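Visitor: Quick one: sequence plus predicted model below, questions after.
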Amino acid sequence: MSDKPPANRRPWYVYIVKCADGSLYTGITTDVLRRLSQHDSGQGAKYTRARGPLQLLGCEMHPDRSSASRAEYAIKQLTASEKRERAKTMRAALPV
């Protein structure tokens, strides 16, 4: 048996990463480590493909995809400096 809960019960995470060029990227996922690995290997979002390596600035857990998507949208409306401040309030460590 897997230690992961069923897909419909897994929490979603909003994360903010800093790209090598200094720009910021915000996304959502159920597995932050896997998603960061995808970004770094060129399999992630088109935006991050040529901007690696990435540094995780922060991530936060949400109970479902809808909640994570709303949080992602709100963060994407912020300026870069506001996003950096927001990342400071997020849990900086990766989820276990």
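Guide: Yep, that arrived. Residues are numbered from 1 along each chain as shown.
Visitor: alpha carbons only for contacts and neighbour counts from here, please
Guide: Noted.
Visitor: Over to the most centrally placed residue in the chain. Which of the three states is it?
Guide: In the chain, the centroid-proximal residue (CA atoms, centre = their mean) is residue 15; its distance is 2.2 Å. Under DSSP: H, G, I helix; E, B strand; the rest coil, the three-state class of residue 15 is strand.
Visitor: And it, how far from residue 36?
Guide: 10 Å (CA to CA, to the nearest Å).
Visitor: what does the longest helix along the chain rub up against?
Guide: In the chain, taking DSSP state H as the definition, the longest helix is helix 65-76. With contact meaning CA atoms under 8 Å, 6 or more residues apart in numbering, helix 65-76 is reached by 11-14, 26-28, 61-62, 83, 86.
Visitor: In strands only, show me those residues.
Guide: 12-14, 26-28, 61-62 (DSSP state E).
Visitor: Now for these: which two are most distant?
Guide: Within the ones in strands among the contacts of helix 65-76, 26 and 62 form the most distant pair, 14.5 Å apart (CA to CA).
Visitor: of the contacts of helix 65-76, closest to residue 42?
Guide: Once CA to CA is applied, the member of the contacts of helix 65-76 that ends up nearest residue 42 is residue 27, at 15.2 Å.
Visitor: Contacts only, for that closest one.
Guide: By CA under 8 Å, 6+ apart, residue 27 lies in contact with 14-16, 72.
Visitor: Does anything pack onto the worst-scoring helix or strand of the chain on mean pLDDT? Which helices or strands?
Guide: Within the chain, confidence by mean pLDDT, DSSP states H and E is lowest for helix 46-49 among all helices and strands, at a mean of 86. If you count contacts as 3 or more CA pairs under 8 Å, 6 or more residues apart in numbering; DSSP states H and E, helix 46-49 packs onto helix 32-40.
Visitor: Run through who's touching the helix it packs on.
Guide: Contacts to helix 32-40, defined as CA under 8 Å, 6+ apart, come from residues 13, 15, 29, 44-45, 48-49, 52-54, 94-95.
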